[in-house]
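> Show me the folded form of this:
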Amino acid sequence: MEVNDLIGVIANVGFPVAVSAYLLIRLEKQINSLSSSINRLNIIISTKLGVVIDNDDTNVA
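Residues are numbered from 1 along each chain as shown. Model prediction:
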């Protein structure tokens, strides 16, 4: 692979990677908030149904 090919790959792939990284960093708070809300909803529904769930919050940041 020559230098020109490498520059072309970086130019073609680098922009989508940069945009994806920016969006992931920007939306991290909203994703964490949504995850927390889903976990709370799961607890509320399981309490209403009388089902025992494993409240494992080790993967929640």
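> can we go C-alpha only for contacts and neighbour counts from here?
Fine.
> after the longest helix seen in the chain, next one along is what?
Scanning the chain for the helix with the most residues, using DSSP state H, yields helix 3-26. Note on helix 3-26: by DSSP states H and E, the next helix or strand toward the C-terminus is helix 28-49.
> Run through the neighbouring helices and strands of that following helix.
Contacts defined by 3 or more C-alpha pairs under 8 Å, 6 or more residues apart in numbering; DSSP states H and E place helix 28-49 against no helix or strand at all.
> any weak-confidence spans in the chain?
Applying pLDDT under 70 to the chain flags the ranges 1, 54-61.
> which residue is nearest the middle of it?
The residue lying closest to the centre of the chain (C-alpha atoms, centre = their mean) is I31, at 6.0 Å.
> residues near V51, how many?
By the measure other C-alpha atoms under 10 Å, the count of residues near V51 is 10.
> what's the answer for F15, then?
11.
> L24 versus that one, what's the distance?
14 Å (C-alpha to C-alpha, to the nearest Å).
> cool, S35 as well?
15 Å.
> A18 too?
Using C-alpha to C-alpha, A18 is found at 10 Å from L24.
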